[in-house]
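Visitor: coords please:
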Amino acid sequence: MFLVSALLVGILFAVSTYLILQGSFVRILFGFILIANAANLVLLSMTGDPRGRSAPVVLDEAVPMADPLPQALILTAIVIGFAVSAYLVFLLYRIFLDWKTDDALALFAKKKPTDV
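Guide: Predicted coordinates for the structure are as follows:
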């Protein structure tokens, strides 16, 4: 199971790095979304196998407890990733309205648009 999750995380990081290095802002956005999900999977795989562990409520000292910190970090990372993705979508929308392109190289080659 750990090998499968490690391979999945590696593939997600590789694909997201490839997409982030492209010239299109839409591909950069998808690459950011993929890298955020890959980071969440890394945090999830760090928790280990939860079978045989109880909830972190101290009732019995003999049963090993599951660590709630990685789940809290994943929940926080999901919220932050969603907020940054929403910001990037809005930024992409404004760039397309103002500059009429989603290509980063074409954007930096153009002069500043004049106000009509």
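
Visitor: For the protein, which residues score under the pLDDT cut-off?
Guide: Scanning the chain for pLDDT under 70 picks out 60, 110, 112-116.

Visitor: tell me the centre residue of it?
Guide: residue 36 (1.0 Å; C-alpha atoms, centre = their mean).

Visitor: Which secondary structure elements does the lengthiest helix in the chain sit against?
Guide: For the chain, the helix with the greatest residue count under DSSP state H is helix 69-99. For helix 69-99, the elements it packs on are helix 25-46, judged by 3 or more C-beta pairs under 8 Å, 6 or more residues apart in numbering; DSSP states H and E. C-beta coordinates here come from the backbone N, C-alpha and C atoms, glycine included.

Visitor: ok, and for the helix it packs on, which residues are buried?
Guide: Within helix 25-46, the residues that count as buried by 16 or more other C-beta atoms under 10 Å are 25, 27-43, 45.

Visitor: next one: stretch 85-98
Guide: residue 92.

Visitor: got a list of contacts for that stretch?
Guide: By C-beta atoms under 8 Å, 6 or more residues apart in numbering, the list of residues contacting stretch 85-98 from outside reads 25-26, 28-29, 32-33, 36, 101-102, 107, 113.

Visitor: Show me the two of the residues you listed that sit farthest apart.
Guide: Distance extremes for the contacts of stretch 85-98: the farthest pair is 36 and 113 at 31.4 Å, using C-beta to C-beta.
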